[in-house]
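Peer 1: how would this look folded up:
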Amino acid sequence: MISAQTIKGSIDELGAITKVELCVMDLNGDIVASTTEREMLDISIITSFAQSPVDSQVIGDVHLFKILDEGEPAYVLLAKGDSEHAYMVGKIGVSQLQNLIVAYKERFDRNNFFQNLLLDNMLLIDVYNRARKLKVEVNVPRVIILVEVKHSNDNTAQELLGSMYAPHTGDYVTAVDENSVILIKSLAKSQTYEEVQKIATTIVDMMNTEAMLDVRVSYGTIVDELKDLSKSYKEAKMALEVGRIFYAEKKVNAYNTLGIGRLIYQLPESLCRIFIDEIFGGKEVPDDLDEETLNTINKFFENNLNVSETSRQLFVHRNTLVYRIEKLEKSSGLDVRKFDDALTFKIALMVIGYMKYLENR
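Peer 2: Numbering: from 1, shown residues only. Here you go, the predicted structure:
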């Protein structure tokens, strides 16, 4: 239901413009919002009017109007002032408040609809029926963009995202938990993942510059039908978690670019332990290596196993780099200058990172 604060803001603005005293009461005669502290009519008159079949009535210089919600009385509006002027202002107030009620109900219903849709809490026939009622197009390309907020009690992210992507453009913002905000982004048929990546990057930049929020963003695959949005949502959730484990340096992660990280994420912990034991046996595992060695190896991988380029970027002599690589070979049994060993070592690093994540969780 529409909030008392919203109602007060609406009648305060109307009262200030027209100089007519306005008061909105519930059907029990309790004041919801008023532009004056004076009591206009006795409560018994209000409750009697609320139960009567008429939609408006005048008592002295006070005009009474019913504010309807789907044909049923929801509130009573009182307008006090010059007869014709007060009547006209009262009718405007009723129209304004009834439109607000409709808008707020639509917003609530849409929010509820998308939450249930994303969580797979709806039958297929209900999806199409409710979509038709809420005027949500069914066959439009859409993608789920998930924004993880560091501080869960902060609503700034949802408000900012809502101002960036409004429902009239076919975009909807909702949330199903306290830690993230969901953007259901409507796309043109010609838009690609490259453009979705740009949208996600823009969201990160806007959150950082406009609200000073540290956020992580992920997105699922583009779906052509409304009923498949839950699939895109699950993919976006996985992309967010996989990104947190394996690609912590990236602020935006896409489900279709997770690569080997997605594969490892779906492995059982027991299989991961078997893999690590098989590769290293009783030798030193990468998790036990010093930070200097790990940084050296990561830079070596970034430069496609190029010794000369890696030594240049690390500002070390080529022989120093070779010494570190050979030292790693002695401790782990893997020569990362060879492609197969480098691939094994890289996967091992990711598997160990995943196992640490499971332990901490």
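
Peer 1: okay, and the residue sitting nearest the centre point of the chain sits in which element?
Peer 2: For the chain, the residue nearest the mean C-alpha position is V181 (1.7 Å; CA atoms, centre = their mean). Using DSSP states H and E, V181 maps to strand 180-186.

Peer 1: can you tell me the strand partners of that strand and which way each runs?
Peer 2: Here strand 180-186 is paired, per DSSP bridges, with strand 142-149 (antiparallel), strand 172-174 (antiparallel).

Peer 1: and the next helix or strand after it, what does it pack onto?
Peer 2: As assigned by DSSP H and E, the chain's next helix or strand after strand 180-186 is helix 193-211. Helix 193-211 sits against strand 142-149, helix 156-164, strand 180-186, strand 215-219, strand 252-254, with contacts defined as 3 or more CB pairs under 8 Å, 6 or more residues apart in numbering; DSSP states H and E. Every residue, glycine included, has its C-beta placed from N, CA and C.

Peer 1: same question for the last one, mean pLDDT?
Peer 2: Read that as strand 252-254. Strand 252-254 carries an average pLDDT of 96.

Peer 1: and that strand, how far out from the chain middle?
Peer 2: The chain centre lies 14 Å from the centre of strand 252-254; the measure is CA atoms, centre = their mean, to the nearest Å.

Peer 1: parallel or antiparallel, list what pairs with that strand.
Peer 2: When DSSP bridges is applied, strand 252-254 pairs with strand 215-219 (parallel).

Peer 1: residues making contact with the strand it pairs with?
Peer 2: Contacting residues not belonging to strand 215-219 are listed as 143-150, 157, 196, 200-201, 203-204, 207-208, 232, 236-237, 239-240, 243-244, 251-255 [CB atoms under 8 Å, 6 or more residues apart in numbering].

Peer 1: CA-only coordinates of stretch 162-174 in CSV, if you can.
Peer 2: Extracted in CSV, the C-alpha atoms of stretch 162-174 (Å, rounded to 0.1, in the frame of the first residue of the first chain):
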residue,chain,number,x,y,z
GLY,A,162,16.6,2.3,-10.5
SER,A,163,17.4,5.8,-11.6
MET,A,164,19.7,4.6,-14.3
TYR,A,165,17.3,2.0,-15.7
ALA,A,166,13.6,2.8,-15.5
PRO,A,167,10.6,0.4,-16.1
HIS,A,168,9.3,2.5,-19.1
THR,A,169,12.4,1.4,-21.1
GLY,A,170,11.6,-2.2,-20.4
ASP,A,171,14.2,-2.6,-17.6
TYR,A,172,13.4,-3.6,-14.1
VAL,A,173,15.3,-3.5,-10.8
THR,A,174,14.6,-5.9,-8.0
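
Peer 1: so what touches that stretch?
Peer 2: With CB under 8 Å, 6+ apart as the test, stretch 162-174 has contacts from 107, 110-111, 114-115, 118, 137, 140, 158, 161, 181-186, 203, 206.

Peer 1: buried subset of those residues?
Peer 2: Buried members of those, scored by 16 or more other CB atoms under 10 Å, are 110, 114, 118, 158, 161, 181-186, 203, 206.

Peer 1: in JSON lines: these, plus distance to V24 and pLDDT.
Peer 2: Formatted as JSON lines, the buried ones among the contacts of stretch 162-174 follow (distance: CB to CB, whole Å; pLDDT from 0 to 100):
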{"residue": "R110", "distance to V24": "25", "pLDDT": "84"}
{"residue": "F114", "distance to V24": "30", "pLDDT": "92"}
{"residue": "L118", "distance to V24": "35", "pLDDT": "93"}
{"residue": "Q158", "distance to V24": "28", "pLDDT": "86"}
{"residue": "L161", "distance to V24": "31", "pLDDT": "89"}
{"residue": "V181", "distance to V24": "32", "pLDDT": "93"}
{"residue": "I182", "distance to V24": "34", "pLDDT": "94"}
{"residue": "L183", "distance to V24": "34", "pLDDT": "95"}
{"residue": "I184", "distance to V24": "34", "pLDDT": "95"}
{"residue": "K185", "distance to V24": "37", "pLDDT": "95"}
{"residue": "S186", "distance to V24": "36", "pLDDT": "94"}
{"residue": "I203", "distance to V24": "38", "pLDDT": "94"}
{"residue": "M206", "distance to V24": "37", "pLDDT": "91"}
